[in-house]
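> generate coordinates for the sequence data below:
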Amino acid sequence: MAYVWKEWQEQIRSQGLWLVMGMFVFSSLMLISDFRAYPTDQRYDMYLVTFYNVSQYLLPLFSLFVGSFAIWQEKEQKTLLILIAKKESFLTFYFKKSIALQSVLLGLFMAVYVFLSFLLKLFIGFHRQGFLIFLFTIMALLYVFNQIGLSLGSLCHSRLQLVGASIMTWFFFAFLFDLGLLKLLPLITYDNVQLFSLLFFLQPIQAGRIYLEAGLGLFPLDQLSRLMALMLWLSPGVFLVLNVLVWTGVSFFAAWAGQWKGVR
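Numbers count the residues shown, from 1 in each chain. Reported below is the predicted structural model:
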């Protein structure tokens, strides 16, 4: 609880947090004004997908910076050394820090999206099931990149290295990962498509999009080609949960491997 309270105090003092939340509210309002002209039976689902497409660029970058600097700040202020010297191992600290950061950021962003749901109800319409699917997708995306950011904070030696690593990680997931998958497409056959699907669903952004579109009925799972049916050998929800678990494991392994880097 002490970690959560400390993280809460640090985050609410952050101007960057409120700036990003303001950008989400502003972009949501702009999208609402545009989608009011859409047909009634289409605009709500299309709004959620479009808002996710907007969030997929801004949210990961924000999470990477917040997560990485949350660990780096503990190193810089020497509180990490004090905690480890007195009573805790690094992995125990990392576990508690992860819970604290995730609790604060997920809670704050959930409050923002619930507020936006009231605006949706007023101007576009509201379907509870669709909104819950969208909210779960966004929270999963936020969680994964928070966790990756925390691991970067453990691995980097300096503040400059931390900034560069965060930007390069964001660029990798936003662009390079998908380009690599596109290069593999000509090699896909019925025999190796399930292996390709594992690589595809390691990408948090794509895993979230497929889950969202399938949950909203925009990606009908009962009308797939044979190749796509083999690729989706698990449900999109299971793939998204596995994605969260895999990146959580990678985060803790990276934190363990780089636990003393940057500590003086």
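
> in this structure, which spans are strands?
Counting by DSSP state E, the chain has no strands at all.

> and the longest helix for it?
Assignment by DSSP state H gives helix 40-76 as the longest helix of the chain.

> now do the same contact list for the nearest residue to residue 29 once chain neighbours are set aside.
In this structure, residue 29 finds its nearest non-sequential neighbour in residue 119, 7.3 Å apart by CB to CB, 6 or more residues apart in numbering. (Each C-beta comes from the backbone N, C-alpha and C, glycine too.) Neighbouring residues of residue 119 by CB atoms under 8 Å, 6 or more residues apart in numbering: 28, 29, 32.

> then residue 209?
Taking CB under 8 Å, 6+ apart as the test, what residue 209 contacts is 49, 52, 53, 56, 137.

> out of the residues you listed, which are buried?
Buried members of those, counted by 16 or more other CB atoms under 10 Å: 52, 56, 137.

> adding distance to residue 40 and pLDDT, write the residues you listed out as a markdown table.
Output for the buried ones among the contacts of residue 209, formatted as a markdown table (distance: CB to CB, whole Å; pLDDT from 0 to 100):
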| residue | distance to residue 40 | pLDDT |
| --- | --- | --- |
| 52 | 21 | 93 |
| 56 | 26 | 90 |
| 137 | 23 | 96 |
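
> pull up the distance across stretch 31-39, start to finish.
End-to-end distance for stretch 31-39, by CA to CA, to the nearest Å: 14 Å.

> show residues contacting it.
43, 46, 47, 50, 51, 54, 119, 120, 123, 124.

> is it true that the fifth one touches residue 29?
No: taking CB atoms under 8 Å as the contact criterion, residue 51 and residue 29 are not neighbours in contact, 11.0 Å apart.

> more crowded one of those two?
Neighbours per residue (other CB atoms under 10 Å) separate residue 51 from residue 29, with residue 51 holding more: 21 against 13.

> the residue nearest to that one when sequence neighbours are not counted: neighbour count?
Counting by CB to CB, 6+ apart, the nearest residue to residue 51 once its immediate chain neighbours are dropped is residue 31, at 5.8 Å. The local packing of residue 31 (other CB under 10 Å) involves 19 other residues.

> also residue 239?
Residues near residue 239, counting by other CB under 10 Å: 23.

> what's the answer for the one 4 residues further on, then?
For residue 243, the count of nearby residues is 22 (other CB under 10 Å).

> need the contact list for it.
140, 144, 201, 202, 204, 207.

> looking at it, the fifth one is touching residue 141, isn't it?
Read it as residue 204. Yes: contact status for residue 204 versus residue 141: in contact at 5.8 Å, counting by CB under 8 Å.

> so what sits against both of the two?
Common neighbours of residue 204 and residue 141 (CB under 8 Å, 6+ apart) are residue 60.

> still on that earlier bit, gap between the residue nearest to residue 51 and residue 234?
31 Å (CB to CB, to the nearest Å).

> pick out the residue nearest the middle of the protein.
residue 141 (2.2 Å; CA atoms, centre = their mean).

> residues touching that residue, list them.
Residue 141 makes contact with 55, 56, 59, 60, 204, 205, 208 under the criterion CB under 8 Å, 6+ apart.

> what would those look like in JSON lines with distance to residue 223?
Shown next, in JSON lines, are the contacts of residue 141 (distance: CB to CB, whole Å):
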{"residue": "55", "distance to residue 223": "27"}
{"residue": "56", "distance to residue 223": "25"}
{"residue": "59", "distance to residue 223": "30"}
{"residue": "60", "distance to residue 223": "31"}
{"residue": "204", "distance to residue 223": "26"}
{"residue": "205", "distance to residue 223": "24"}
{"residue": "208", "distance to residue 223": "21"}
